[in-house]
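[1] Sequence and predicted structure below; questions after.
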Amino acid sequence: MHALGSPQPPDVSMRVPTSPRARAKRQIASLMSEVEMLKQDKATKKRNITYYVSQGRAIRRMVDLYTPIEDLIAENDRRCEEENDRDTTPEQDRLQRGYIELAKALSWVHDKLAGFDHEESEDMLRKLKRGADSARGDDTGTLKDLVASWVNMECCPTPLIRTDDKHHRGFTSDACGKLLCPAEWRWEDPVVKAGIRDRTTAYIVSENSWPSFMYENYEADTKNLERGLFRSRLLVMGLKAIFTSPSSANEVDGEGEGADIIENNRRARRRTDQAKVKTCIRFALSNLTSWRTVDGDFDYHIFWNNIVDFFEDAPGPAARARVNKLLEWWTRKVFGRNHREDLTPDVISLMSVNTLATQRQQMEDAELDSDC
């Protein structure tokens, strides 16, 4: 308490009195600004989720059908830390090839991983995985229906394969059984057919055999198992259904129409695109009702690796040349030919657009001469 008449202490807050109404308005404006920022953050987060999920759909189609993204990243990190490590295993090489394909398919991922902290990276990878697994589910669902229709057209089985039921596919069906039969055996042989259906040790169906559906006309030459491999109509229809449109899958007898040829040629040459289709068609022909890695004695993951290795690990230049020829065949079958490099100025000068332009100019000059 201060005695009466004594001076009051100075106001240490140094405040300048303002209107309560004005203060309230400013507080409301500040809160509204915070709310708007929260809305923008939420919208940005939602856009990021949508973007990463949509981009992730490419991973199971063009990078790797099975391997977790984290494993691909870990292998690349390992190689960066152990620069002098030359003794890599086939599995490590597969992982690294997968990372390279990931960087090609999603070119921004490498920089994002370098700039994000651990929590942000984990969040991004979860969203990419969601999109990847969603695309795989969509593609297997699409092929489940389509493959049944194609088998009915190609093999004319009795009864017809139902598009909405997989329980009567696999080796219980003569048509599907013939297509799934390993290339080294003949399904028409009753001993082979009974052995496969009874799952005897003499006729084990595993990922170590190429199924007949992968061969041209669905028949293999046991003396040259590479001849006709990966050239079946069923495979072409499957790739076109997934990578162009389901309706285009019915047009496989000739060559593609060549639309967007530059981009499509690049996509058609990806080995993983084709490996994915082959694996999914094998699943569609089976009687499995849900996606899983192992079907009896058949391991789909190893089967995938076998296909990729065929394209990536050619034993020498002659085999590499045959692989390139096969990839060119796929490009033509799916997307058509392209001759733009042959359009030289001399050739173009003889075409109707340039010819018409020349004729119009000649007529214009003739008109001027007649007026003189």
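    Everything's here; your move.

[2] next SSE after the helix or strand encompassing Lys104?
    Element membership for Lys104 (DSSP states H and E) is helix 90-105. Following the chain from helix 90-105 toward its C-terminal end, the next helix or strand by DSSP H and E is helix 109-115.

[3] Show the average pLDDT along the helix or strand following that next one.
    Later in the chain than helix 109-115, the nearest helix or strand by DSSP H and E is helix 118-155. Averaging pLDDT along helix 118-155 gives 90.

[4] try stretch 280-298
    89.

[5] For Gly56, give me the pLDDT.
    Predicted confidence (pLDDT) for Gly56: 89.

[6] Surely it is in contact with Met124?
    No. With contact defined as C-beta atoms under 8 Å, Gly56 does not count as touching Met124 (9.3 Å). For the C-beta atoms, the positions are set from N, CA and C on the backbone; glycine is no exception.

[7] So for the two, which sits in the more crowded spot?
    Taking other C-beta atoms under 10 Å, Gly56 and Met124 do not tie; Gly56 has more neighbours (24 against 21).

[8] so who does the closest residue to that one other than its chain neighbours touch?
    Leaving aside its sequence neighbours, Gly56 sits nearest to Gly131 (C-beta to C-beta, 6 or more residues apart in numbering; 2.7 Å). Counting by C-beta atoms under 8 Å, 6 or more residues apart in numbering, Gly131 makes contact with 52-57, 59.

[9] Now for the residues you listed, which sits with the most neighbours around it?
    Ile59 (27 neighbours).

[10] how near is that residue to Val353?
    43 Å (C-beta to C-beta, to the nearest Å).

[11] re earlier: angle of the helix holding Lys104 against helix 118-155?
    Helix 90-105 runs at 100 degrees relative to helix 118-155, counting by axes from the mean of the first three to the mean of the last three C-alpha atoms, to 10 degrees.

[12] ok so, going back, and the gap between the residue nearest to Gly56 and Arg60?
    From Gly131 to Arg60 the distance is 9 Å (C-beta to C-beta).

[13] likewise Gly296?
    Gly296 sits 23 Å away from Arg60, going by C-beta to C-beta.

[14] out of those two, which sits in the busier spot?
    Taking neighbours as other C-beta under 10 Å, Gly296 and Arg60 compare with Arg60 leading, 25 against 13.

[15] Show the contacting residues for that one.
    Contact analysis of Arg60 by C-beta under 8 Å, 6+ apart lists 132-133, 135-136, 139, 276.

[16] Just among those residues, which is most surrounded?
    Neighbour-wise, the contacts of Arg60 (other C-beta under 10 Å) top out at Lys276, 27 neighbours.

[17] Tell me, what's the model's pLDDT at that one?
    With respect to pLDDT, Lys276 scores 69.

[18] List the residues that contact Met166.
    To be clear, residue 166 is Lys; Met isn't right here. Each residue near Lys166 by C-beta under 8 Å, 6+ apart is listed here: 144, 286-289.

[19] repeat that for 6 Å
    Counting by C-beta atoms under 6 Å, 6 or more residues apart in numbering, Lys166 touches 287, 289.

[20] what do you get for the one 4 residues further on?
    With contacts defined as C-beta under 6 Å, 6+ apart, Gly170 is in contact with 176, 286-287.

[21] Would you mind measuring from it to Arg360?
    Noted for Gly170: a distance of 67 Å to Arg360, by C-beta to C-beta.

[22] cool, Glu81 as well?
    Using C-beta to C-beta, Glu81 is found at 68 Å from Arg360.

[23] Repeat that for Ala74.
    In terms of C-beta to C-beta, Ala74 sits 65 Å off from Arg360.

[24] In the stretch 101-250 of the chain, where is pLDDT below threshold?
    Within the stretch 101-250 of the chain, no stretch falls below the threshold (pLDDT under 70).

[25] what about 90?
    Under the criterion pLDDT under 90, the flagged ranges of the stretch 101-250 of the chain are 105, 110, 113-114, 118, 120, 132-145, 154, 158-159, 163-168, 239-250.

[26] Counting neighbours, go ahead and name the busier of Ala74 and Arg360.
    Neighbours were counted for Ala74 and for Arg360 using other C-beta under 10 Å; Ala74 has more, 13 against 10.

[27] what's the helix or strand for that one?
    Assigned by DSSP H and E, Ala74 belongs to helix 69-81.

[28] Check the separation of the first and last residues in stretch 206-213.
    End-to-end distance for stretch 206-213, by C-alpha to C-alpha, to the nearest Å: 15 Å.

[29] ignore the last one, stretch 341-354
    End-to-end span of stretch 341-354 (C-alpha to C-alpha): 18 Å.

[30] And the strands in the stretch 251-372 of the chain?
    Applying DSSP state E, counting those that start in this stretch to the stretch 251-372 of the chain gives strands spanning 294-295, 298-299.

[31] and those, which is most packed in?
    Mean neighbours per residue, mean count of other C-beta atoms under 10 Å, is largest over the strands of the stretch 251-372 of the chain for strand 298-299, with a mean of 18.
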